[in-house]
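# Model the structure of this input:
(chains A and B)
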Amino acid sequence: MSGPTTGQVITRFAPSPTGALHVGGARTALFNWAFARHHDGKFILRFEDTDQNRSSDQSAQSILEDLQWLGIDFDQGPFRQSERLNHYNQHIDRLLADGYAYEDGGAIRFRMNSDVAFDDAVYGHIEVKARELEDFVIRKADGFPTFHLAVVVDDALMNVTHVIRGQEHLTNTTKHVALQDALAYARPVFTHTPTILNPDGSKMSKRDKAKAAREAARSWLKAHGDLEDLAKQCAQKCDKSMDAIADFIEKRTDDIEVGQAIAKVLEVSLPETEIEDFRSNGYLPDVLCNYLALLGWSPGNDVERFDLTFLKEHFGFDRINKSNAHFDREKLRAFNGGTIRQLPPGDWSAMLRSYMLESRPGQIEKLDDHFTLFADCYHERSQTLDDPTRLGKAFFMGNDQVEYDAKAVKKQLTRSNGEGLNSLRQLALQLDACNDWSPKAVDETITTFADKNGLGLGRVAQPLRVAVMGNAVSPPIGDTLVILGKVATLERIGRCLRLHSGNISPRHTGG
RNA sequence: GCCCCCUUCGUCUAGUGGCCCAGGACGUUGGCUUCUCAUGCCGAAAACAGGGGUUCGACUCCCCUAGGGGGUACCA
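You can find the predicted model right below:
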């Protein structure tokens, strides 16, 4: 083997800062990190910002933050290729002088005139004939090197021993190998990893979010028809004009801020494609790393839940797969939920608190001093940190803003001559008289009432649940009422009785 | 078009010639527990892309076909 096989292992993650870190990039970073750590080597971060038009400091900054959030630390860098032009120019001069490169319309091209072969740690021996290869640009007319030249020079100068990157670079590697040979640099070990695809087989990209938002908007318009109304509501959620929103829906722009506003208004969730999306939607970094690592790698022995420590102990090229993987959000959610459930209650509560403080300011106050009970209740009901506020959104509404689900109202309250409403009316009296507003006492009040009236608990608890929450789903009824508080409970019951007493339907509808 | 790569349940995967009439996980689904939801527990259905070889024996090796991904940029 021609590569540097002795000495310290050095890997690098080399993203181009042209946007936020996406799942594919994160997995590449993770693999490089895990390999370096496994071998007690060094892991370098390097921004490949040789495309002046598309690179931005803002992107670089967000990539840094996302890596940190994921728990991927590096030993050197971040380097920036835009600050290393002298190195590239020196090498280009050498290639020119040695006849490997020539000028062409303001640019410099490298001659590709012989067959190229190399060994990939995952894909094996790769060979390409000279007739398939073309001379390629190594310095653009703007004076910046191309990615190919910069990568080769930097990897050599930084003593990178192992290059781990996405499979889309497999063919590019012929160029890099030829360059390395011409510059008399040792070849690193190349390791290409399979691509992460959407469930439908398309490549994952941030455009997926725009697409999903647009589809949601269009189907809403189909049902409700009023573009102006939708645009107005969306304009309130972002600083875009109503025209900008119309442009987005008509696919004249892909402005993601508009997409997010639409998603907010229509209460749909956009597919996560970037690390910050997973973060803001309440996924745990460890779980995301775990799931990402499993896309293309596995430890064997039917093991699939593990942490970063396990990953760095067990990671190796020999268990990387060759075929592309579809990203399955359901499985990620299930993993995330599984990890949440295993958290000690105190940890979960603290984690939820800081998440809500950051992403839902003002919400926690509405819970008064029942936050811990709220957290406990949603511990086994949540797959993400966002679930408690989403599933329990009725807890955060004003008492006169509860929205009633028509089906639940009919089934639990108005059906059968308003059986549910009747028991609710009497139960309200008992609750009013209950002075110890604790889960235990409230539960007792309810079960006592049910027993006295010869009703199953379900016949009593369900109408009550609908009355206070708007639908038939919530944590155990005693907990639900305590989180809500006595005042809110009674107010909501009162409003519910007023709202629905006029709609009682008979036992037999004859339909 | 040309070149390179890939192909096990719907999805992620285990499997490196006999241990496999193929194992695990998510999802789907039946049941139990139950005030709803959820959790928990017990079951079920579900795959070696197709066709040729090689071999005593092929999911595992070779070839062809089909399907998928990537490259073919003065993007990375």
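# Where do the domain boundaries of chain A fall?
Following automatic domain parsing, one finds the domains of chain A at A:207-271, A:406-500.
# The longest one near RNA strand B anywhere?
By that I understand domain A:406-500. Yes: contact of domain A:406-500 with RNA strand B is found when judged by CB under 7 Å from any atom of the strand, involving A:443, A:456-458, A:461-462, A:465, A:472-478. From N, CA and C alone the C-beta is placed, and that goes for glycine too.
# That domain spans what distance, first to last residue?
10 Å (CA to CA, to the nearest Å).
# all helices for the stretch 301-450 of chain A, in order.
Using DSSP state H, counting those that start in this stretch, the helices of the stretch 301-450 of chain A run over A:308-314, A:329-342, A:345-359, A:371-379, A:387-391, A:406-409, A:415-433, A:439-452.
# on contacts alone, who are the packing partners of the fourth one?
This points to helix A:371-379. Packing contacts for helix A:371-379, counted by 3 or more CB pairs under 8 Å, 6 or more residues apart in numbering; DSSP states H and E, involve helix A:345-359, helix A:387-391, helix A:477-484.
# Contacts made by the first one with the rest, please.
With CB atoms under 8 Å, 6 or more residues apart in numbering as the test, helix A:345-359 has contacts from A:280, A:282, A:284, A:340, A:343, A:363-364, A:371-372, A:375-376, A:378-379, A:385-386, A:388-389.
# now swap in stretch A:217-231 and tell me
In contact with stretch A:217-231 (CB under 8 Å, 6+ apart) are residues A:242, A:245, A:246, A:248, A:249, A:262, A:265, A:266.
# In helices, which of the residues you listed appear?
Per DSSP state H, helices hold the following members of those: A:242, A:245, A:246, A:248, A:249, A:262, A:265, A:266.
# Could you report the distance from the closest residue to residue A:434 other than its chain neighbours to residue A:489?
Closest residue to residue A:434 apart from its sequence neighbours, by CB to CB, 6 or more residues apart in numbering: residue A:445 at 4.6 Å. Using CB to CB, to the nearest Å, we find residue A:445 at a distance of 11 Å from residue A:489.
# list residues touching both of these two?
With CB under 8 Å, 6+ apart, residue A:445 and residue A:489 have common neighbours residue A:431.
# Between these two, which is the more surrounded one?
residue A:489 (24 against 20; other CB atoms under 10 Å).
# and the stretch 201-350 of chain A, which residues reach RNA strand B?
A:201-203, A:294-296, A:298, A:300-302, A:304, A:318-319, A:321-326, A:328, A:330-331, A:333-334, A:337-338, A:341.
# quick revisit: now the helices and strands packed on helix A:371-379 as a markdown table including mean neighbour count and mean pLDDT?
As requested, the helices and strands packed on helix A:371-379 are arranged in a markdown table below (neighbours: other CB atoms under 10 Å; pLDDT from 0 to 100):
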| stretch | mean neighbour count | mean pLDDT |
| --- | --- | --- |
| helix A:345-359 | 16 | 97 |
| helix A:387-391 | 19 | 96 |
| helix A:477-484 | 23 | 96 |
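# Looking at those helices, which is nearest to residue A:81?
Checking the helices and strands packed on helix A:371-379 against residue A:81 by CB to CB gives helix A:345-359 as the closest, at 33.7 Å.
# ok, the residue located most distally from the centre of chain A to residue A:24 distance?
In chain A, the greatest distance from the average C-alpha position (CA atoms, centre = their mean) is reached by residue A:452, at 50.6 Å. Relative to residue A:24, residue A:452 is positioned 62 Å away (CB to CB).
# next one: residue A:454
Where residue A:24 is concerned, residue A:454 sits at a distance of 62 Å (CB to CB).
# follow-up on the earlier one: from the contacts of helix A:345-359, keep the buried residues only.
Buried subset of those (neighbour count, 16 or more other CB atoms under 10 Å): A:282, A:284, A:340, A:363-364, A:371, A:375-376, A:378-379, A:385-386, A:388-389.
# so how many other residues sit close to residue A:115?
Neighbourhood size, residue A:115 [other CB under 10 Å]: 14.
# Pull the contacting residues for it.
Residue A:115 neighbours (CB under 8 Å, 6+ apart): A:127, A:128, A:129, A:130.
# Closest to RNA strand B out of the residues you listed?
Of all these, residue A:128 has the smallest distance to RNA strand B: 5.2 Å, by CB to the nearest atom of the strand.
# Measure how the strand or helix carrying residue A:218 sits relative to helix A:242-249, angle-wise.
Using DSSP states H and E, residue A:218 maps to helix A:207-224. Taking axes from the mean of the first three to the mean of the last three CA atoms, to 10 degrees, one finds that helix A:207-224 is oriented at 110 degrees with respect to helix A:242-249.
# Next SSE downstream of helix A:207-224?
For helix A:207-224, the following helix or strand on the C-terminal side (DSSP H and E) is helix A:227-237.
# Report the backbone C-alpha coordinates of that next one in CSV.
C-alpha atoms of helix A:227-237 as CSV (Å, rounded to 0.1, in the frame of the first residue of the first chain):
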residue,chain,number,x,y,z
LEU,A,227,-54.7,33.3,-1.3
GLU,A,228,-54.9,36.8,0.1
ASP,A,229,-56.0,35.5,3.5
LEU,A,230,-53.1,33.0,3.7
ALA,A,231,-50.6,35.6,2.5
LYS,A,232,-51.7,38.1,5.0
GLN,A,233,-51.4,35.6,7.9
CYS,A,234,-47.9,34.5,6.7
ALA,A,235,-46.8,38.1,6.3
GLN,A,236,-47.5,38.6,10.0
LYS,A,237,-45.2,35.7,10.8
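# give me every residue that touches residue A:240.
Residue A:240 neighbours (CB under 8 Å, 6+ apart): A:234, A:255, A:257, A:258, A:261.
# The second one and RNA strand B, how far apart?
Translated: residue A:255. Counting by CB to the nearest atom of the strand, to the nearest Å, the separation of residue A:255 from RNA strand B is 21 Å.
# Same question for the third one.
Remark: distance between residue A:257 and RNA strand B (CB to the nearest atom of the strand) = 23 Å.
# Could you pull up phi and psi at that residue?
Main-chain dihedrals, residue A:257, degrees, to the nearest 10: phi -60, psi -40.
# show me the contacts for the residue lying closest to it once chain neighbours are set aside.
Spatial nearest neighbour of residue A:257, excluding adjacent residues (CB to CB, 6+ apart): residue A:238 at 5.1 Å. Counting by CB under 8 Å, 6+ apart, residue A:238 makes contact with A:257, A:258, A:260, A:261.
# From residue A:248, how far off is residue A:238?
Relative to residue A:248, residue A:238 is positioned 10 Å away (criterion: CB to CB).
# Quickly list what's touching both of those two.
Joint contacts of residue A:238 and residue A:248 (CB under 8 Å, 6+ apart) are residue A:258.
# Okay, now the unreliable bits of chain A?
Applying pLDDT under 70 to chain A flags the ranges A:1-6, A:205-206, A:507-511.
# What segments of the stretch 51-200 of chain A are strands?
For the stretch 51-200 of chain A, the strands defined by DSSP state E, counting those that start in this stretch cover A:76-80, A:101-104, A:107-110, A:116-120, A:124-128, A:136-139, A:162-166, A:189-193, A:196-197.
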